[in-house]
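Undergrad: only geometry, no sequence info:
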């Protein structure tokens, strides 16, 4: 009998399925009536996404503002060179 939710990948398992349609887990790969989802490490309703992002990625992403203008100037210069070669 299928557990309803795969204990390995968390996918929905149809009733009376012999294996998980996503990862292929079955009775022989430790899919049993005692299978639990607690050890999957999936976030629940109390999961704080903002704290996770700060912890994993160190807060806000810093962009150098000057580099954006640099690339715009390079693009204008290259375009100007193409126009100058074409007109000449």
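TA: Structure received. This is a predicted model, so every value here is computed, not measured.
Undergrad: Quick one: mean pLDDT for stretch 20-36?
TA: Looking at stretch 20-36 alone, the average pLDDT works out to 69.
Undergrad: Quick check: closest non-adjacent residue to residue 27.
TA: Of all residues not flanking residue 27 in the chain, residue 18 sits nearest, at 7.9 Å (CB to CB, 6 or more residues apart in numbering). In short, each C-beta sits where N, CA and C put it, glycine included.
Undergrad: What number of residues are in the vicinity of that neighbour?
TA: 10 (other CB atoms under 10 Å).
Undergrad: Roughly how far does it sit from residue 10?
TA: Per CB to CB, to the nearest Å, residue 18 is found 18 Å from residue 10.
Undergrad: The residue nearest to residue 27 looks like it's in a helix, true?
TA: No - under DSSP: H, G, I helix; E, B strand; the rest coil, residue 18 sits outside any helix and is assigned coil.
Undergrad: Touching, it and residue 25? I think so.
TA: No - taking contacts as CB atoms under 8 Å, residue 18 lies outside contact range of residue 25: 10.5 Å.
Undergrad: what's the model's confidence in the strand or helix carrying residue 75, averaged?
TA: Secondary structure assigned from DSSP states H and E places residue 75 in helix 65-87. For helix 65-87, mean pLDDT is 88.
Undergrad: Report the secondary structure state of the spatially most central residue of the chain.
TA: Closest to where the C-alpha atoms of the chain average out (CA atoms, centre = their mean) is residue 53, at 12.4 Å. With three-state DSSP as the basis, residue 53 sits in helix.
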